[in-house]
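>>> Make a model of this:
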Amino acid sequence: MTAPDWDQQMRSRLDRGEETALGELYDQLSPLVHGLAGRILADEAAAAQLTREVFAHVWAHPEEFDPGARSLRSWIGELTHRRAVERLRQSSLAAAEIRARAAAARAQYVVAALPPSLRETIETTASECRTYQETARRLGISEQAAKQRLRLGLQLLSAELEFGS
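Predicted coordinates:
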């Protein structure tokens, strides 16, 4: 089943109040929600609480998801991001720290949504502080392929971050 079909089917099942649909959705997307909330809030208990709140909202308001406008994963990611940033704004953190955490979490979310080959190349290079030559050897690809993947991945990341601002 393709992602758009799954999204539409999940929306229909949630509209009908199928608890198993919520369970499947939670199993599939709770790591994304919890991880994103944790990166923004930097508090495990707050991330766990926000994860529960996001899925409670999805259960109570499935009509807010429009499968024609975006993917279910994207909608839930945006919902999580918005609620986490809102929660930070209500806390005593400085505005600059809120913006930095939100931007870092958004960048991580965008990287996670890249095609696997681009994501793997960017993550290997950045997280392991490798040169493109080292990344090429590590991934078993040509140096040219590593440079192209890095360039395209960073262009997509930049465009998405500019669009999301």
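
>>> quick one: least confident helix or strand in the chain?
helix 95-113 (a mean of 83; mean pLDDT, DSSP states H and E).

>>> Next SSE downstream of that one?
Sequence-wise, the next helix or strand downstream of helix 95-113 (DSSP states H and E) is helix 116-127.

>>> Distance of the most centrally placed residue in the chain relative to residue 69?
Geometric centre of the chain, nearest residue: residue 109, 3.4 Å, by C-alpha atoms, centre = their mean. The gap separating residue 109 from residue 69 is 18 Å, by C-beta to C-beta, to the nearest Å. Any C-beta I mention is one placed from the backbone N, CA and C, and that applies to glycine too.

>>> circling back: hang on, the residue nearest to the centre of the chain packs against residue 78?
No - counting by C-beta atoms under 8 Å, residue 109 stays clear of residue 78, with 9.0 Å between them.

>>> any idea how this structure splits into domains?
Under the assignment automatic domain parsing, the domains of the chain span 1-113, 115-165.

>>> which element is residue 55 on?
Assigned by DSSP H and E, residue 55 falls in helix 44-60.

>>> tell me the contacts of residue 74?
residue 113 (C-beta atoms under 8 Å, 6 or more residues apart in numbering).

>>> quick one: secondary structure of it?
helix (DSSP: H, G, I helix; E, B strand; the rest coil).

>>> Can you give me the distance of it to residue 136?
Taken as C-beta to C-beta, the span from residue 74 to residue 136 is 31 Å.

>>> ok, now residue 64?
For residue 64, the distance to residue 136 (C-beta to C-beta) stands at 44 Å.

>>> Those two: who's more crowded?
Neighbours per residue, other C-beta atoms under 10 Å: of residue 64 and residue 136, the larger number sits with residue 136, 22 against 11.
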